[in-house]
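Engineer: Sequence isn't available, so here's the structure alone:
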């Protein structure tokens, strides 16, 4: 299952839960903040009146914005990963990031840089 499908399923479950929990939904500890965020994202006073597809699009947009903000902040705080050749002919990808500095080793510069970026992003996003 890809991320978009996961968001679609979660949006449909949350939408259905919002339909069931009519009384006091705005005070629910999890549904209340979600309704508030969806209202702000869609402009709908009561997002429960929107179809599940609108929740899907709004949740995806909120997730994209949150991840983009996290990456931009991480880049500002830690800098970007880089890659260079080591004395043995391999390539090292390295970065500063949450959890401290790290390095990965690969046979090509592209692979080393790619693995360093992947690890940097995973560390950054897991810090939530």
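Structural biologist: Nice, I can see it. Since the model is a prediction, treat every value here as computed from it, not as a measurement.

Engineer: hey, where'd the strands end up in the protein?
Structural biologist: 82-85, 91-95, 102-106 (DSSP state E).

Engineer: Other residues contacting the shortest one?
Structural biologist: To tie it back to what came earlier, the one meant is strand 82-85. 91-95, 109, 112-113, 116 (Cβ atoms under 8 Å, 6 or more residues apart in numbering). Heads up, the C-betas are built off the backbone N, CA and C, glycines and all.

Engineer: Direction included, what does that strand pair up with?
Structural biologist: With DSSP bridges as the test, strand 82-85 is paired with strand 91-95 (antiparallel).

Engineer: Report the contact partners of the closest residue to residue 116 other than its chain neighbours.
Structural biologist: Among residues not flanking residue 116 along the chain, residue 93 sits closest, at 2.9 Å (Cβ to Cβ, 6 or more residues apart in numbering). Each residue near residue 93 by Cβ under 8 Å, 6+ apart is listed here: 81-83, 103-106, 111-117.

Engineer: now do 6 Å
Structural biologist: Residue 93 makes contact with 81, 83, 104, 112-113, 115-116, according to Cβ atoms under 6 Å, 6 or more residues apart in numbering.

Engineer: what about residue 34, neighbour count?
Structural biologist: Neighbour count of residue 34, defined by other Cβ atoms under 10 Å: 21.

Engineer: Please report the distance of the nearest residue to it once chain neighbours are set aside from residue 5.
Structural biologist: Counting by Cβ to Cβ, 6+ apart, residue 34 lies nearest to residue 14, which is 6.2 Å off, once chain neighbours are set aside. The gap separating residue 14 from residue 5 is 15 Å, by Cβ to Cβ, to the nearest Å.

Engineer: and these two? which has more neighbours close in?
Structural biologist: More crowded of residue 14 and residue 5, by other Cβ under 10 Å: residue 14, with 21 against 10.

Engineer: Now do the end-to-end distance for stretch 87-104.
Structural biologist: 15 Å (Cα to Cα, to the nearest Å).

Engineer: Kindly report the same for stretch 94-114.
Structural biologist: 10 Å.
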